[in-house]
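S.K.: Prediction below, plus the sequence it came from.
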Amino acid sequence: AQSVAQPEDQVNVAEGNPLTVKCTYSVSGNPYLFWYVQYPNRGLQFLLKYITGDNLVKGSYGFEAEFNKSQTSFHLKKPSALVSDSALYFCAVRDINDMRFGAGTRLTVKP
Amino acid sequence: ETGVTQTPRHLVMGMTNKKSLKCEQHLGHNAMYWYKQSAKKPLELMFVYSLEERVENNSVPSRFSPECPNSSHLFLHLHTLQPEDSALYLCASSPLRVAVHEQFFGPGTRLTVL
């Protein structure tokens, strides 16, 4: 069965600095990987996905993620963090069945 | 908004009550999902409907009963719940139940069981 792990419960960065939110996965076949963001009192919003092709995937709000097959990772990155990026971030993996989410990483960007 | 709406947004109920959560998607999608989100736990997939047929029930207690009358609407009927059922219940939809599609989520219903 597929699974994802987000090793950090909390990530703190200063505004303007680069940010990374980590995700590792485990699947038996080709991985389909997703990142979602959840703002307070809201549902999850899709940021980006890796299906196939270029290992660097660009998504919404300036976010990008790098698929690394050898390290089974799909880390979310942004070159310059904004205070408004503070939210809960979820990595997810999907095979022919359904989406499995990580436990989430709370990102706090301080001014 | 994502095109997926959920009502009510907040619900407080006693353990003997019966209530229903409603989800509606305006995206023309053919797959719909119920998730449970509890604090500091991964999202738990509860039910999946594809083309109005239930295709997955992840060992969910029978006090939760889903209904999908058409491809745009999804309900979760609740009865004799327990305090540990208090959580955020999220509805989602996708064009089809295939791996390449992302899911679109509603804002959720915050359920408190007293």
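M.R.: On my side now, so go ahead.
S.K.: And for A:Phe34, the neighbour number?
M.R.: 28 (other CB atoms under 10 Å in any protein chain shown). Yep, even glycine has a C-beta here, placed from its N, CA and C like the rest.
S.K.: and if you look at B:Arg9?
M.R.: For B:Arg9, the neighbour count with other CB under 10 Å is 12.
S.K.: For it, give its distance to A:Leu88.
M.R.: 18 Å (CB to CB, to the nearest Å).
S.K.: same question, A:Phe34
M.R.: According to CB to CB, A:Phe34 stands 15 Å off from A:Leu88.
S.K.: Give me the pLDDT value at B:Ser59.
M.R.: Looking at B:Ser59, its pLDDT is 84.
S.K.: how would you label it: helix, strand or coil?
M.R.: coil (DSSP: H, G, I helix; E, B strand; the rest coil).
S.K.: is it true that A:Leu33 touches A:Tyr50?
M.R.: Yes: applying CB atoms under 8 Å as the test, A:Leu33 and A:Tyr50 come out as touching, 4.5 Å apart.
S.K.: So which of those two has more stuff around it?
M.R.: Using other CB under 10 Å, the more surrounded residue of A:Leu33 and A:Tyr50 is A:Leu33, with 22 against 19.
S.K.: With chain B as the reference, measure out to the more buried one.
M.R.: Distance, A:Leu33 to chain B, by CB to the nearest CB, to the nearest Å: 10 Å.
S.K.: Which residues are in contact with that residue?
M.R.: Counting by CB atoms under 8 Å, 6 or more residues apart in numbering or on different chains, A:Leu33 touches A:4, A:23, A:25, A:49-50, A:65, A:67, A:74, A:91-94.
S.K.: same thing but 6 Å
M.R.: Applying CB atoms under 6 Å, 6 or more residues apart in numbering or on different chains, we find A:Leu33 in contact with A:50, A:74, A:93.
S.K.: Likewise for B:Met46?
M.R.: Per CB under 6 Å, 6+ apart, neighbours of B:Met46: B:34, B:36, B:60.
S.K.: Need the per-residue pLDDT for it.
M.R.: 93.
S.K.: What helix or strand is it located in?
M.R.: Using DSSP states H and E, B:Met46 falls within strand B:44-50.
S.K.: how about that strand as CSV, C-alpha atoms only?
M.R.: Extracted in CSV, the C-alpha atoms of strand B:44-50 (Å, rounded to 0.1, in the frame of the first residue of the first chain):
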residue,chain,number,x,y,z
GLU,B,44,-9.0,9.6,6.8
LEU,B,45,-10.8,8.6,3.7
MET,B,46,-14.3,7.4,4.6
PHE,B,47,-16.3,6.9,1.5
VAL,B,48,-15.8,7.1,-2.2
TYR,B,49,-18.5,7.4,-4.9
SER,B,50,-17.8,7.0,-8.6
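S.K.: Span of stretch B:5-23 from start to end?
M.R.: Its first and final residues considered, stretch B:5-23 spans 6 Å by CA to CA, to the nearest Å.
S.K.: which other residues reach that stretch?
M.R.: Counting by CB under 6 Å, 6+ apart, B:24, B:74-79, B:89, B:91, B:106-107, B:109-114 sit against stretch B:5-23.
S.K.: Now, those that are in strands?
M.R.: B:24, B:74-79, B:89, B:91, B:109-113 (DSSP state E).
S.K.: So which of the residues you listed is the closest to B:Val48?
M.R.: Comparing the ones in strands among the contacts of stretch B:5-23 against B:Val48 with CB to CB places B:Leu74 closest, at 10.3 Å.
S.K.: can you count the residues close to that closest one?
M.R.: Residues within reach of B:Leu74, counting by other CB under 10 Å, total 27.
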